[in-house]
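In: need a 3D model of the following:
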Amino acid sequence: MNKSPELIPEDVAARRIAQLEQYHARLEERLASLEARIGSAGGEASAAVFMPANERAELERTEAEIEFQVGQNWFAVAGIFALAIGAAFMLSLPYASLPVGVPVLAGYAGAACIFLLARALQRTFGLVAGYLRGVSMALLFFATLRLYFFGAQHALSIDSFTGCAPLVLVLALNFAIAWRRKSPWLTGLALATGYATAVAIGSAWFVLGAVALLSVIAVAVSLRANWPLLRNAAIPLSYGTYLIWATGNPFLGGAMNPIAAPALAPGLLLAVAAIFAVGTCLRPNRQTEDPSTAIGSLLNCGLAYAIYFGHTVAAFEPELVGAQALAAVFFLGLAIVFWVRENSRVSTFFYAMTGYVALSVAILKAFPSPQVFVWLSLQSVVVVTTAVWFRSRLIVVSNFLIYVAIVLGYILVAERETGISILFGIAALLSAHILNWKKDRLELKTELMRNGYLAAVFFVFPYSLCHLVPRKSVGLAWVGLALGYYLLSMVLKNRKYRWMGHATLLLATCYVAAVGTRSFEPVYRILSFLVLGTVLLIVSLSYTRLQSRQRAKPLDPPVG
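Out: This is a model prediction of the structure:
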């Protein structure tokens, strides 16, 4: 027989409940006090208090490594560069009381000592040794520059071939050291000294030849050692060196005047752009376009064309049309190479847009206003066609924005309408039809671009007719335009043209109702309303007949 549980008296239960409530109150007080202390100590201290022992040890080890990195490496690098800058300033002083060769020999001795120190520290302090080696290379180059600059008297003349020989030898030695150490940053330093050598010598043929040769070396080394960043670093160095020369080499005290000789000098920019583009095409991982590849393509075509455009405008203005047309063919050719070779999207876009810009510049220079807008609108159709072949939605979007800018520019510039705006509408119609025809090739998921071109058509054609026909005939002209849209809808079997017809017919109705009732002569007022009413009734009856046909059409038998 089971025993019933023993009942607790009410007074005992009340005392226990009171004790529990007191204990709960004291516990809450202690928790509040602990939270207050943790809050005053800061979030990091609280995390450290409650962090497991292994995680806390890992955090302390990470902090120690960061401190070690800052204390040993960063401070060493900063100190080394500070010493290098100090040595360079020492070599730049005139030292009029000393023989010409003494500062140079002192620089060579310092470079040799730093190089030997780097060799001694290679095993124990490899990072520091690498930076010391770079400082010795820079100091060697700077000491050689002392032969030609900085002093009250110069030991050698940089204008002669034999006088330039020491600089060229030092440059070759720096490249040999960098390649032997297999160091990308030392190779980049050697390239920088090479471009500085070209600026220092300054003669046209030496600068142009050095820029081309150093570009080839940068591309070859980056491909051989798989250092893509070296190629990207050489791009601004190459174009920057050309820009310094083309503006008169102000670093050597020359005036800021564009150089107009030799006449083929701007062609070097296209050649250098081709060299770097070939380096991109020959990279090992052509299957993907990483950010480094995209940035390299943007730098290459952007800097090359910007400097090419500036130099041809400033120094070769009579040949500007031919030069820009050549640039357009060149960059579009590179875009085709990138697309055919690797189906590149980003690089193809950059090179193609650069080619289109060059073609636009050639058109703007070749034709007067407002006829130039005709050719620009035709170029828009060409751009859309090539964009479909490149399968580039970016080009389509960019071209549409440029098309809108062309239309707005024409409206602002043209003093009177001569029918040119009709070509804008035709160009927009052709562009929309091409996009609709090859929409699967472009992989467009929306109708945004096609609708954008059709919207442009809807505004451009009424604008043209409003300026080309007499005011009293505008409504009738818009009615005829609406009928043309309906005919296009029947021929192309595209519902969008019907909607454009509806909108244009509504626009004509509003115009006739608002303007015709007040401003038209009686004959034109009556004629406008009769024609408009007849067309509206015909459209309504057509839709009624179409709807009755659809209702009478037998339904397809159910499947299965």
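In: quick one: the helices in the stretch 51-200 of the chain?
Out: For the stretch 51-200 of the chain, the helices defined by DSSP state H, counting those that start in this stretch cover 53-68, 75-92, 101-120, 126-145, 161-181, 184-201.
In: export those helices to CSV and tack on mean neighbour count, mean pLDDT and distance to residue 256?
Out: For every residue, glycine as well, the C-beta is placed using N, CA and C. Converted to CSV, the helices of the stretch 51-200 of the chain look like this (neighbours: other CB atoms under 10 Å; pLDDT from 0 to 100; distance: least, CB to CB, whole Å):
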stretch, mean neighbour count, mean pLDDT, distance to residue 256
helix 53-68, 10, 64, 47
helix 75-92, 14, 74, 24
helix 101-120, 17, 87, 31
helix 126-145, 22, 86, 23
helix 161-181, 16, 88, 25
helix 184-201, 21, 91, 15
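In: distance to residue 218 for those helices - can I get that in a markdown table?
Out: Formatted as a markdown table, the helices of the stretch 51-200 of the chain follow (distance: least, CB to CB, whole Å):
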| stretch | distance to residue 218 |
| --- | --- |
| helix 53-68 | 34 |
| helix 75-92 | 23 |
| helix 101-120 | 24 |
| helix 126-145 | 17 |
| helix 161-181 | 11 |
| helix 184-201 | 6 |
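In: run a quick neighbour tally on the spatially closest residue to residue 202 that is not a sequence neighbour.
Out: Using CB to CB, 6 or more residues apart in numbering and skipping the chain neighbours, the partner closest in space to residue 202 is residue 249 (5.0 Å). Number of residues near residue 249 (other CB atoms under 10 Å) recorded here: 19.
In: name the element residue 387 belongs to?
Out: helix 371-390 (DSSP states H and E).
In: and that helix, what other elements does it pack with?
Out: helix 320-342, helix 346-366, helix 393-413, helix 420-437, helix 439-442 (3 or more CB pairs under 8 Å, 6 or more residues apart in numbering; DSSP states H and E).
In: how about the contacts made by residue 383?
Out: Each residue near residue 383 by CB atoms under 8 Å, 6 or more residues apart in numbering is listed here: 356, 395, 399, 402.
In: wouldn't the first one be in contact with residue 328 here?
Out: To tie it back to what came earlier, the one meant is residue 356. Yes. In this structure, residue 356 is within contact of residue 328 by CB atoms under 8 Å, at 7.4 Å.
In: how about a markdown table for the contacts of residue 383, with neighbour count, pLDDT and distance to residue 29 added?
Out: Shown next, in a markdown table, are the contacts of residue 383 (neighbours: other CB atoms under 10 Å; pLDDT from 0 to 100; distance: CB to CB, whole Å):
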| residue | neighbour count | pLDDT | distance to residue 29 |
| --- | --- | --- | --- |
| 356 | 24 | 94 | 75 |
| 395 | 24 | 86 | 70 |
| 399 | 24 | 86 | 72 |
| 402 | 18 | 88 | 72 |
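In: and of the residues you listed, the nearest to residue 487?
Out: Closest approach between those and residue 487, by CB to CB: residue 399, at 27.6 Å.
In: how about the contacts made by residue 436?
Out: When contacts are taken as CB under 8 Å, 6+ apart, residue 436 is in contact with 450, 494.
In: go with 7 Å
Out: The contact partners of residue 436, by CB atoms under 7 Å, 6 or more residues apart in numbering, come to residue 450.
In: gap between it and residue 487?
Out: 17 Å (CB to CB, to the nearest Å).
In: ditto for residue 164
Out: For residue 164 relative to residue 487 (CB to CB), the value is 75 Å.
In: then residue 180?
Out: For residue 180, the distance to residue 487 - CB to CB - is 77 Å.
In: ok, now residue 264?
Out: 55 Å.
In: name the nearest residue to residue 375, ignoring sequence neighbours.
Out: Closest to residue 375 by CB to CB, 6+ apart is residue 363, at 4.7 Å.
In: you'd agree the one you found is up against residue 373?
Out: No. Using CB atoms under 7 Å, residue 363 makes no contact with residue 373, being 9.5 Å away.
In: these two: which has the busier surroundings?
Out: residue 373 (23 against 20).
In: need the contact list for the more buried one.
Out: 406, 410, 420.
In: from the chain's centroid, how far away is the helix or strand hosting residue 481?
Out: Per DSSP H and E, residue 481 falls inside helix 474-492. Averaging C-alpha positions (CA atoms, centre = their mean, to the nearest Å) puts helix 474-492 42 Å from its chain's average.
In: give me the mean pLDDT for that helix.
Out: The pLDDT scores in helix 474-492 average 84.
In: tilt between the next helix or strand after that helix and helix 420-437?
Out: Counting by DSSP H and E, the element after helix 474-492 in chain order, helix or strand, is helix 495-511. If you take axes from the mean of the first three to the mean of the last three CA atoms, to 10 degrees, helix 495-511 sits at 150 degrees to helix 420-437.
In: thanks a lot, see you next time.
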